[in-house]
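Peer 1: All I have is the shape, not the residue letters:
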């Protein structure tokens, strides 16, 4: 005997409800998985932008204070067509930062990617494929003139500093803070850019270096990083995980003889 029509309708409605419930559960599961994947992508691809892989988590371990050779050739910045190489061994670098210097400092063009860029900028860079490789730098406020007028390369005190360009030393003078000399200022005339003078400070000059000395990028030792943590509050310390000691680099237009 056939089932009553009302029972068939009831059974069909329950089947439809069961199918709809299963479909809703599948959709909810897919939405949850998509949300988890999106959050994971944002955290891994863009991060917080506050630390780069080059930054040390704390004071340099003992093995980082052992003697090391010169840096491997690596362009970290440029001014015009002049390429500027890493002046300290890569294993000693704690952080890299750019900030203003003075009104006469030439703008340096960073290589790599800005570690503390805003989220939207990092997102656009990631979508556009402009990651800039593994070299990371921080943009630091302060100073005058161009926001990239000075390049600070963080490294522990005593780290060897090498010439960032091929050229000739044209000046070695005391670096003065509050009428006190702290290390030296080393001026280099790059062989490929005679209209530019590259200056390095926060350095104790090597005894063998003198005005007129020829230097080669990444192979000629200029001196060692000095400790200025007791003299001034170093902005790079916010990112380096230590006192923020560094070698500072600026470029200026060369004086034209009349």
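Peer 2: That came through, no problem. Predicted, not measured: the structure shown is a model, and the values here were computed from it.
Peer 1: For stretch 109-117, give the mean pLDDT please.
Peer 2: Across stretch 109-117, the average pLDDT comes to 95.
Peer 1: Report the buried residues of it.
Peer 2: For stretch 109-117, the neighbour count (16 or more other CB atoms under 10 Å) marks 110-117 as buried. C-beta: built from backbone N, CA, C; applies to glycine.
Peer 1: what's the spacing between it and its chain's center?
Peer 2: Centroid separation between stretch 109-117 and its chain, computed with CA atoms, centre = their mean, to the nearest Å, is 6 Å.
Peer 1: Next: stretch 148-158.
Peer 2: So, by CA atoms, centre = their mean, the centroid of stretch 148-158 is 11 Å from its chain's centroid.
Peer 1: Please apply the same query to stretch 222-231.
Peer 2: 20 Å.
Peer 1: Next: stretch 228-237.
Peer 2: Distance, centroid of stretch 228-237 to centroid of chain: 18 Å (CA atoms, centre = their mean).
Peer 1: Can you tell me what sits against that stretch?
Peer 2: Stretch 228-237 has contacts (CB atoms under 8 Å, 6 or more residues apart in numbering) with 94-95, 97, 99, 138, 140, 142, 152, 154, 177-178, 180, 182, 202, 243-246.
Peer 1: Could you pick out which of these are located in strands?
Peer 2: Counting by DSSP state E, these place 97, 99, 138, 152, 154, 177, 180, 182, 202, 246 in strands.
Peer 1: On the pLDDT front, check the fourth one for me.
Peer 2: At residue 152, the predicted lDDT confidence score is 98.
Peer 1: likewise residue 195?
Peer 2: So residue 195 comes in at 95 (pLDDT).
Peer 1: And the residue lying closest to residue 226 once chain neighbours are set aside, how far from residue 83?
Peer 2: Residue nearest to residue 226 in three dimensions, not counting chain neighbours: residue 183, with 4.4 Å by CB to CB, 6 or more residues apart in numbering. According to CB to CB, to the nearest Å, residue 183 stands 25 Å off from residue 83.
Peer 1: in the protein, which spans are strands?
Peer 2: Counting by DSSP E, the strands of the chain are 75-79, 82-85, 96-99, 109-110, 113-114, 136-139, 150-154, 160-162, 167-177, 180-190, 196-205, 214-215, 221-225, 246-253.
Peer 1: Tell me which of these sits nearest to residue 25.
Peer 2: For residue 25, the closest of the strands of the chain is strand 113-114, at 42.2 Å, according to CB to CB.
Peer 1: So which other helices or strands are in contact with the closest one?
Peer 2: Secondary-structure packing of strand 113-114 (3 or more CB pairs under 8 Å, 6 or more residues apart in numbering; DSSP states H and E): strand 136-139.
Peer 1: ok, the strand it packs on: who's next to it in the sheet?
Peer 2: strand 96-99 (parallel), strand 113-114 (parallel) (DSSP bridges).
Peer 1: Flag every buried residue along it.
Peer 2: So, applying 16+ other CB under 10 Å, buried residues of strand 136-139: 136-138.
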